[in-house]
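J.: Quick one: sequence and predicted model below, then my questions.
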Amino acid sequence: MAQVSIVTSQAGAMIRHDGAMRFMCVGDSMTIGRAGDFTWRYRMWQHLEAAFDGPYALVGPRTELYDTDSGTPVSTAYAAPGFPAEARRHLAGWGEGWLHMAPVIADTVAGHRADVLLVSLGLIDLGFYTDSEQTALNARAFLTAARTANPHIRCVLLPVIPNIRAESDAPFAAECARFNELLAKAVADLDTPASPLLLASHPPGYDIHTDTYDGTHPGPSGEHRLAAAYADAMHQAWGIGGPYRTANEPLIPSPSASPERASAPPAVRTG
């Protein structure tokens with residue numbers, strides 16, 4: 001297979017891979033999606049198909065969506081039937097956060113030979129499990145563990161996007177803001193030429209009232225904005241792929257379902 005060579009934004013930090021570059025999407029309910037969703041993972045696959053110059057793979061131990069009727073991650077009902085089975089792989093779970101992913105990321109990176117982690121975690125931690133300080137420590141533990149499996153792992157981290165709860169719960173909003181500050185500090189502290197880290201920008205124009213179906217979970221337009229945040233960060237900093245272009249396809253609304261809100265903690269599923 002052709003060699004893929006990527007130059008990072010840091011001087012002298014060229015990392016070469018023989019064979020495919022392996023991307024792993026890591027996240028909570030915003031990433032796993034529910035039955036009937038496209039998911040931002042699908043949008044990322046579309047982007048890589050169009051913009052990535054070289055062999056690549058989307059990897060991970062799971063492929064399913066969350067089924068809201070059974071409360072389990074067993075659905076294969078993606079809104080886009082053309083989403084290939086091998087590209088559906090991920091490490092995401094409804095109700096899972098940094099707290100749950102930190103203990104499993106080393107084995108998962110090793111087992112699936114991940115090169116790049118696209119991570120969206122933190123909202124569920126802050127909503128139900130840990131405060132901003134502990135959540136930031138768990139994020140650091142996650143990054144350290146990932147590097148034990150691949151010392152050259154690259155990570156793109158999305159800051160927490162405050163959901164509808166933050167509009168009426170000032171302490172929760174403050175915790176979201178504080179965690180994002182701590183996450184930025186962690187990225188600055190832990191970034192190295194051998195294992196570069198990126199903090200993606202808050203998706204430009206993202207509006208929880210129009211880009212989500214319940215104030216938390218992305219609808220089709222939100223999925224595009226999330227995928228674009230990762231794609232543009234990788235392109236601008238590392239030269240991976242190209243600028244994100246919204247796919248020319250109908251935006252089919254997802255079916256209504258019970259949302260993951262901050263009223264009661266959802267069951268934690270391991271997929």
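T.: Nice, I can see it.

J.: count of neighbours near Y66?
T.: When neighbours are defined as other CB atoms under 10 Å, Y66 has 26 of them. Every residue, glycine included, has its C-beta placed from N, CA and C.

J.: and it, what element?
T.: In this assignment (DSSP states H and E), Y66 forms part of strand 65-67.

J.: Confirm P73 sits in a strand?
T.: Yes. With DSSP: H, G, I helix; E, B strand; the rest coil as the criterion, P73 is assigned to a strand.

J.: So for G19, what's the pLDDT?
T.: On pLDDT, G19 comes in at 84.

J.: Could I get the full set of strands for the stretch 51-200 of the chain?
T.: With DSSP state E, counting those that start in this stretch as the definition, the stretch 51-200 of the chain shows strands at residue ranges 56-58, 65-67, 72-75, 91-92, 116-120, 154-157, 197-199.

J.: Report the buried residues of the helix or strand just after the last one.
T.: Pointing back at strand 197-199 there. The first helix or strand that comes after strand 197-199 along the chain, using DSSP H and E, is helix 220-238. Within helix 220-238, the residues that qualify as buried are 220-235, 237-238, counting by 16 or more other CB atoms under 10 Å.

J.: ok now do V119, which residues does it touch?
T.: In this structure, V119 makes contact with 26-27, 142, 155-158, judged by CB atoms under 8 Å, 6 or more residues apart in numbering.

J.: Could you single out the nearest of those to L197?
T.: C155 (5.0 Å; CB to CB).

J.: Check the closest residue to the closest one other than its chain neighbours and give its pLDDT.
T.: Using CB to CB, 6 or more residues apart in numbering and skipping the chain neighbours, the partner closest in space to C155 is L117 (4.5 Å). With respect to pLDDT, L117 scores 98.

J.: show me the contacts for L117.
T.: Residues in contact with L117, defined by CB under 8 Å, 6+ apart, are 23-24, 26, 105, 109, 146, 153-156.

J.: okay, the residues you listed in CSV with pLDDT next?
T.: Listed next are the contacts of L117 as CSV, based on pLDDT from 0 to 100:
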residue, pLDDT
F23, 98
M24, 98
V26, 99
I105, 98
V109, 98
A146, 98
I153, 98
R154, 98
C155, 98
V156, 98
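
J.: With distance to D67 as new columns, can these be given to me in TSV?
T.: Formatted as TSV, those follow (distance: CB to CB, whole Å):
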residue	distance to D67
F23	25
M24	22
V26	21
I105	25
V109	27
A146	29
I153	31
R154	32
C155	29
V156	28
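
J.: re earlier: between the contacts of V119, which is nearest T192?
T.: C155 (11.2 Å).

J.: Let's see the pLDDT reported for the closest residue to G122 other than its chain neighbours.
T.: Counting by CB to CB, 6+ apart, G122 lies nearest to V160, which is 4.2 Å off, once chain neighbours are set aside. pLDDT, the model's per-residue confidence, is 98 for V160.

J.: T246 versus V160, what's the distance?
T.: Counting by CB to CB, to the nearest Å, the gap from V160 to T246 is 24 Å.

J.: one step back: may I see the contacts of V119 organised as a markdown table, with distance to A57 added?
T.: Conversion of the contacts of V119 to a markdown table gives the following (distance: CB to CB, whole Å):
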| residue | distance to A57 |
| --- | --- |
| V26 | 15 |
| G27 | 18 |
| F142 | 22 |
| C155 | 17 |
| V156 | 17 |
| L157 | 21 |
| L158 | 21 |
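
J.: Can I get the buried ones among the residues you listed as something I can paste into ChimeraX?
T.: When burial is assessed using 16+ other CB under 10 Å, the buried subset of the contacts of V119 is captured in ChimeraX by this command:
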select :26,27,142,155,156,157,158
